[in-house]
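structure, please.
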Amino acid sequence: MKRALFLIVHLSVLFKVQSGFLDYVPGFASLFGGNEEKTELYKSDAFDKKIPYEVSMVDETFIKEAAKLTGVALSELDSCQQRVVFKLKSDCEKMNDEQLAKMAVHLLNCQSYVEGRPTYACSDEMSIRDCTKHMDSDTWTSYHLMSNRARAVFKNCNMKLVVPLINARWSHLKCLVQFRGLAEHTVNRLMDAAQDQLRTLRKVVTDQEKLQDIAEYTFDTLTKGQETISKQQQDLQKAQFHGQLVIEDNIQRLVDEKRLLLETHGVLVKMSENVQAKLEWSLQQVEHQTDESKVNHAELLKDLLEIQRKAKEIFEKIDESSELLVKQNEEFKKQYNLTLSSLREVNETIHTLVSLVGGTRDTLEENSRTSVSIHFKNADITKKGIGHD
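All right, here's what the predicted structure looks like:
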């Protein structure tokens with residue numbers, strides 16, 4: 001707690017000197033919390049990270065540069081307490097009791113975080129009761145000690161800091177001289193970087209013109225190739241249409257064959273009926289004329305054999321015709337599948353070429369936007385650097 005009180009006094013002196021210096025240099029106000037936006041000092045889970053408080057990169061950079069210039073290595077507790085002071089937005093005499101109490105909570109959180117004890121969220125929108133309602137008795141006592149010491153320091157700082165103010169003024173003047181040297185060195189480096197960027201931009205423009213010529217030539221070549229492929233596709237469509245007509249003709253022939261089979265079957269049925277009728281008549285004549293019936297029976301058998309032979313020939317012809325039609329149908333199916341696969345390959349080639357042209361255009365446009373953006377950013381940096389000089 002003694003160390004915390006010492007740091008409070010030290011940081012109060014720095015804050016008082018900075019508030020007077022910021023009246024003359026308004027541009028640096030944003031580095032020490034001079035903006036009017038309200039941000040939370042920390043969140044409830046912020047102490048699980050390496051840095052206990054969420055601060056801007058400007059404050060982090062300023063603290064690191066100050067440590068390099070002064071040669072003073074800050075501990076984790078010192079850095080945390082400095083961030084708390086940098087978040088203040090008014091002088092000591094202008095702070096009310098609520099603000100002092102919240103600052104005491106923040107400083108206690110710094111001490112608790114370093115010592116591995118629980119911390120408590122306390123943002124600008126929260127009341128001091130919300131900030132302290134979860135504290136136990138020991139933490140509450142530590143908070144009151146921290147709050148009382150902070151109040152005593154802030155109420156008496158205006159009467160006891162005459163000599164430290166003068167020393168702080170000289171320290172700030174030294175820092176300003178060092179800052180000026182760093183600024184000049186930075187401007188020179190920015191000028192060199194800007195010149196390098198201009199040379200790079202000129203080279204990029206030249207390369208971009210070459211790429212544009214290549215892209216135009218590629219686009220013309222692809223256009224001609226696409227026209228050729230379109231003609232080939234039309235020819236394939238015609239061939240496909242012709243194949244479809246042939247298939248339809250074969251189907252019609254199959255229909256005719258089926259119709260012929262049906263008609264032949266009807267003829268055979270009639271012949272069978274006639275044979276059956278003759279057989280019945282023969283049976284009737286058997287009783288009267290055995291010899292005649294034998295002759296008739298032989299004739300009938302001969303007729304039946306002849307009918308069977310003819311029927312067999314008809315069925316063989318039908319089978320041959322069916323096999324021929326099936327073979328022709330399979331050949332046409334193969335030709336049709338080959339035509340479809342050729343069309344798919346042609347379509348895939350067209351899509352690949354179109355994607356390649358689109359990717360080339362997108363790459364050229366992206367390179368153009370990136371080059372122009374880099375050029376304008378470097379120009380703005382150069383103008384700002386010259387304005388600081």
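
for the rest of this, base every contact and every neighbour count on C-alpha atoms.
OK.

what helices and strands are in contact with the longest helix seen in the chain?
For the chain, the helix with the greatest residue count under DSSP state H is helix 162-286. With contacts taken as 3 or more C-alpha pairs under 8 Å, 6 or more residues apart in numbering; DSSP states H and E, helix 162-286 sits against helix 2-24, helix 290-388.

relative to helix 290-388, how tilted is it?
Calculated by axes from the mean of the first three to the mean of the last three C-alpha atoms, to 10 degrees, helix 162-286 forms an angle of 170 degrees with helix 290-388.

give me the low-pLDDT residue ranges for this protein?
The chain contains residues with pLDDT under 70 at 1-74, 89-93, 155-185, 286, 292-293, 375-376, 378-389.

show me how it divides into domains.
The record's domain parsing of the chain by automatic domain parsing lists 2-160, 192-388.

a markdown table for those domains, including mean neighbour count and distance to Thr186?
Below are these laid out as a markdown table (neighbours: other C-alpha atoms under 10 Å; distance: least, C-alpha to C-alpha, whole Å):
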| stretch | mean neighbour count | distance to Thr186 |
| --- | --- | --- |
| domain 2-160 | 16 | 14 |
| domain 192-388 | 14 | 8 |
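
contacts for the host helix or strand of Leu107?
Under the criterion of DSSP states H and E, Leu107 resides in helix 97-115. Contact with helix 97-115 is made by 4, 47, 52, 76-77, 80-81, 84, 118-120, 122, 127-128, 131-132, 142-143, 146-147, 150-151, as judged by C-alpha atoms under 8 Å, 6 or more residues apart in numbering.

can we see that at 6 Å?
Residues outside helix 97-115 that contact it (C-alpha atoms under 6 Å, 6 or more residues apart in numbering) are 80, 119, 146-147.

so which of those is the closest to Glu263?
When these are ranked by distance to Glu263 (C-alpha to C-alpha), Thr119 comes first, at 102.2 Å.

what's that closest one sitting at in phi/psi?
With angles defined as degrees, to the nearest 10, Thr119 sits at phi -120, psi 170.

how many residues are close by Leu190?
Neighbours of Leu190 under the rule other C-alpha atoms under 10 Å: 19.

please report the distance of it from Lys377.
Distance of Leu190 to Lys377, computed by C-alpha to C-alpha, to the nearest Å: 11 Å.

what's the following helix or strand after the helix holding Leu107?
For helix 97-115, the succeeding helix or strand toward the C-terminus, using DSSP H and E, is helix 128-132.

return the distance of Thr223 relative to Glu216.
Per C-alpha to C-alpha, Thr223 is found 10 Å from Glu216.

and what of Lys270?
In terms of C-alpha to C-alpha, Lys270 sits 80 Å off from Glu216.

and if you look at Asn337?
For Asn337, the distance to Glu216 (C-alpha to C-alpha) stands at 37 Å.

rewinding a little: what would the contacts of helix 97-115 look like in TSV with secondary structure and distance to Lys302?
Formatted as TSV, those follow (DSSP: H, G, I helix; E, B strand; the rest coil; distance: C-alpha to C-alpha, whole Å):
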residue	secondary structure	distance to Lys302
Cys80	helix	123
Thr119	coil	119
Met146	helix	133
Ser147	helix	134
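
turn the residues you listed into TSV, columns for distance to Glu313.
Compiled in TSV, the contacts of helix 97-115 are given as follows (distance: C-alpha to C-alpha, whole Å):
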residue	distance to Glu313
Cys80	109
Thr119	106
Met146	120
Ser147	120
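
ok, these vs Val205, which is closest?
Nearest to Val205 among these, with distances taken as C-alpha to C-alpha, is Cys80, at 49.3 Å.
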